[in-house]
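>>> Give me coordinates for this.
(one chain, ligands or ions: 2)
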Amino acid sequence: MSDQTSKNVILKDFFKRNVLINELEDIMRFKPETLIGVDKVSSDQLLANGIKSIGDLAKLSVANLPEIKDVLPAMLQKWIKIAQVIQKNVQEHLKRHKKLLMIGLDNGGKTSILAVVQDRFSIIKSLLPTRGVKREKLDFFGYPIISWDLGGQVQYREKLYFNRPELFFTEADIILYVIDTQDPDRFPESTNYFREVLKVLLELKEKPAILVVLSKSDEDIRKTLQWQQNVTTIKNKFNKVIDEFEQFSIDFCDTTVYDRNTIMHMFSIALKKVSDTSEIIENILEDFCNQVDAKAASLVSMDSLIFGYYTNTDTDEMLINNTALLLQTLSNFYNSIGLIREKSISLDLPLNGFTIRGEKLFDYSDLQISVYLWVIAEDPGKLEGKLDYFKEQLLPLINLFL
Ligand SMILES: Nc1nc2c(ncn2[C@@H]2O[C@H](COP(=O)(O)OP(=O)(O)OP(=O)(O)O)[C@@H](O)[C@H]2O)c(=O)[nH]1
Ligand SMILES: [Mg+2]
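Ligands and ions are numbered 1, 2, ... in the order given. I've put the predicted structure just below:
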């Protein structure tokens, strides 16, 4: 945010005093007369020549100036250059944000998920169906994201998105495809929509990270046979579609708005797919595993953000991350009822032939949230003496990720 504020201050200098800049991306739609030095007569002439916005001005070429009545070529040249500087700044700013597309049928829970990420729980009860596309800026642990929430009602799906796909599906970093696990009647419809989306991405040569979000996986419902069958059906149907399009790597992740952790967990997985920093973390974790003869390692914060992990098998991945999340929840609970005074734990879970151990590394953010290193190792004793090395290697990188 502070970065955006400083950009606004610099760009503001190009505009007349009374011009209010709320959102940087709106600037390109401002009229030419909002720029300092563009008088009303010139502005009207620009408009008469189809130059209606700063964006239109930026598209002109100084080498090939159009002739415009009452506007001196030198002035026009200057305005074009200013518009191009503004455009470059705005584009650079927007590029730093990850573009997140929320896609899925109406009533799937897309807008609710975005509300939870922003801690706006109270609005969930009164949410109305999203009309068209709603763009929003989010800040996920300091990670700048622009979310595009594509309302899933049939009129938008059929008449809007696929008529001009390039307006909606290009340059996305992450797609969260949301499906309501409690609504089996609509699984076929959702599968078809998912296929259409992949088809259009293929045509546009776009390759975002895709996560299929199994929404409304509420704690009580998860225990029912019906829900478990529903999830199996969804996975079977979606995997068939995924097989049709080899080039996409797609994961599944279940969430419920009644447990914020599930949503933070899902976002961590999605961001991990597009973040270089977590790749670096993964490399260091691999290196560390080799040094201490561990077969898996994961870095998890007490509020369930998985910073990165290294595992060789899917089973180990499930084992380490689920154990970490569950034991940390348990530790938070013990802490809340005063059974453990310190917010720090070192947990050992001896299983057949190996141990899962969690060691507190440090606290992050003003809220002092603990971050733990979890490992699966035959001999966790080898971890001792190596933790300091680990802290020195990893801490600077974690700071990058935050
Ligand atoms: N039980 C349950 N209900 C949920 C969950 N998430 C969302 N809902 C409910 O599902 C309904 C639809 O949620 P929305 O977030 O508006 O759905 P959407 O996907 O944005 O729908 P459109 O905007 O029409 O595309 C609301 O009544 C929510 O309260 C969940 O995890 N569990
Ligand atoms: Mg919505």
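>>> For the stretch 51-200 of the chain, what lies in contact range of ligand 1?
Listed as neighbours of ligand 1 in the stretch 51-200 of the chain under the rule CB under 6 Å from any ligand atom: 104, 106-112, 124, 127, 129-130, 151-153, 178. Where C-beta positions appear, they are placed from N, C-alpha and C, glycine not excepted.
>>> Show me which pair in those is furthest apart.
For those, the farthest-apart pair by CB to CB is Ile124 and Gln153; their separation is 18.4 Å.
>>> before we move on, the earlier item: and the least confident of the residues of the stretch 51-200 of the chain next to ligand 1?
Lowest in pLDDT among those is Ile124, which has 90.
>>> contacting residues for that one?
Contact partners of Ile124, counting by CB atoms under 8 Å, 6 or more residues apart in numbering, are Ser112, Ala115, Val116, Val257.
>>> Which members of those residues occur in strands, if any?
Using DSSP state E to define strands, no part of the contacts of Ile124 is located there.
>>> Compare these and tell me which is most surrounded.
Ser112 (23 neighbours; other CB atoms under 10 Å).
>>> close enough to count as contact, that one and Val257?
Yes. The criterion here is CB atoms under 8 Å, and Ser112 meets it with Val257 at 4.8 Å.
>>> Contact partners for Leu347?
Leu327, Ser331, Ile356, Arg357, Gly358.
>>> Just the buried residues of the helix or strand encompassing Leu326, please?
Per DSSP states H and E, Leu326 falls inside helix 314-336. Going by neighbour count (16 or more other CB atoms under 10 Å), the buried part of helix 314-336 is Asp316, Leu319, Ile320, Asn321, Thr323, Ala324, Leu325, Leu327, Gln328, Ser331, Asn332, Asn335.
>>> Ignoring the adjacent residues along the chain, who's closest to the fourth one?
Put plainly, it is Asn321. Spatial nearest neighbour of Asn321, excluding adjacent residues (CB to CB, 6 or more residues apart in numbering): Ser298 at 5.7 Å.
>>> Same question for the first one.
Nearest-residue entry for Asp316: Ala296, 4.2 Å, with adjacent residues in sequence omitted and distances by CB to CB, 6+ apart.
>>> Identify the bridge partners of that neighbour.
Thr311, Ile376 (DSSP bridges).
>>> what about it, distance to Gly104?
Ala296 sits 32 Å away from Gly104, going by CB to CB, to the nearest Å.
>>> swap in Val62?
46 Å.
>>> residues contacting Gly215?
No, residue 215 isn't Gly; it's Ser. Contacts of Ser215 (CB under 8 Å, 6+ apart): 104, 108-110, 112-113, 178-181, 254-256.
>>> just to revisit the earlier point, mind checking the SS state of the residue nearest to Asn321?
Three-state call for Ser298 (DSSP: H, G, I helix; E, B strand; the rest coil): strand.
>>> For the contacts of Ile124, name the two members farthest from one another.
The widest separation within the contacts of Ile124 (CB to CB) is 7.6 Å, between Ala115 and Val257.
>>> quick one: common contacting residues for those two?
Phe121, Ile124.
>>> about what we covered before: tally of neighbours for the residue nearest to Asp316?
24.
>>> picking up where we left off before, so which of the contacts of Leu347 sits lowest on pLDDT?
The lowest pLDDT within the contacts of Leu347 belongs to Ser331, with 77.
>>> Settle this for me: that one is touching Ile337, isn't it.
No. Ser331 lies out of contact with Ile337 (CB under 8 Å); the separation is 11.4 Å.
>>> low pLDDT regions in this structure?
For the chain, residues meeting the criterion pLDDT under 70 lie at 1-10, 95, 141-143, 276-280, 341-346, 393-402.
>>> Of the contacts of Leu347, which is the nearest to Glu92?
Gly358 (40.5 Å).
>>> got the buried residues for stretch 250-260?
Ile250, Phe252, Cys253, Asp254, Thr255, Thr256, Val257, Asp259, Arg260.
>>> Mind listing residues that contact that stretch?
Contact with stretch 250-260 is made by 109, 112-113, 115-116, 121, 124, 181, 210-219, 222, 231, 234-235, 238, 242, 262-263, 265-266, 269-270, 273, as judged by CB under 8 Å, 6+ apart.
>>> What about Tyr309? Give its phi and psi, please.
Dihedral pair for Tyr309: phi -150, psi 160, per degrees, to the nearest 10.
>>> Distance-wise, check the closest residue to it other than its chain neighbours relative to ligand 1.
Leaving aside its chain neighbours, Tyr309 sits nearest to Ser298 (3.6 Å; criterion: CB to CB, 6+ apart). Ser298 sits 25 Å away from ligand 1, going by CB to the nearest ligand atom, to the nearest Å.
>>> For Ser298, give me its contacts.
Ser298 touches Leu285, Ile306, Gly308, Tyr309, Tyr310, Thr311, Ile320, Asn321, Ala324, Leu373, Trp374, Val375, counting by CB under 8 Å, 6+ apart.
>>> Please repeat the previous calculation with a cut-off of 6 Å.
By CB atoms under 6 Å, 6 or more residues apart in numbering, Ser298 lies in contact with Tyr309, Ile320, Asn321, Ala324, Trp374.
>>> Check Phe390 too.
Phe288.
>>> what helix or strand does it sit in?
Counting by DSSP H and E, Phe390 is found in helix 387-401.
>>> picking up where we left off before, Throw the contacts of Ser298 into a markdown table and include distance to Phe30, thanks.
Below are these laid out as a markdown table (distance: CB to CB, whole Å):
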| residue | distance to Phe30 |
| --- | --- |
| Tyr309 | 45 |
| Ile320 | 51 |
| Asn321 | 47 |
| Ala324 | 49 |
| Trp374 | 51 |
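>>> I'd guessed Tyr334 sits against Ile340; true?
Yes. Contact criterion CB atoms under 6 Å: Tyr334 and Ile340 qualify, at 4.8 Å.
>>> distance of Leu72 from ligand 1?
From Leu72 over to ligand 1 the distance is 51 Å, taken as CB to the nearest ligand atom.
>>> wait, I meant Leu101
For Leu101 relative to ligand 1 (CB to the nearest ligand atom), the value is 12 Å.
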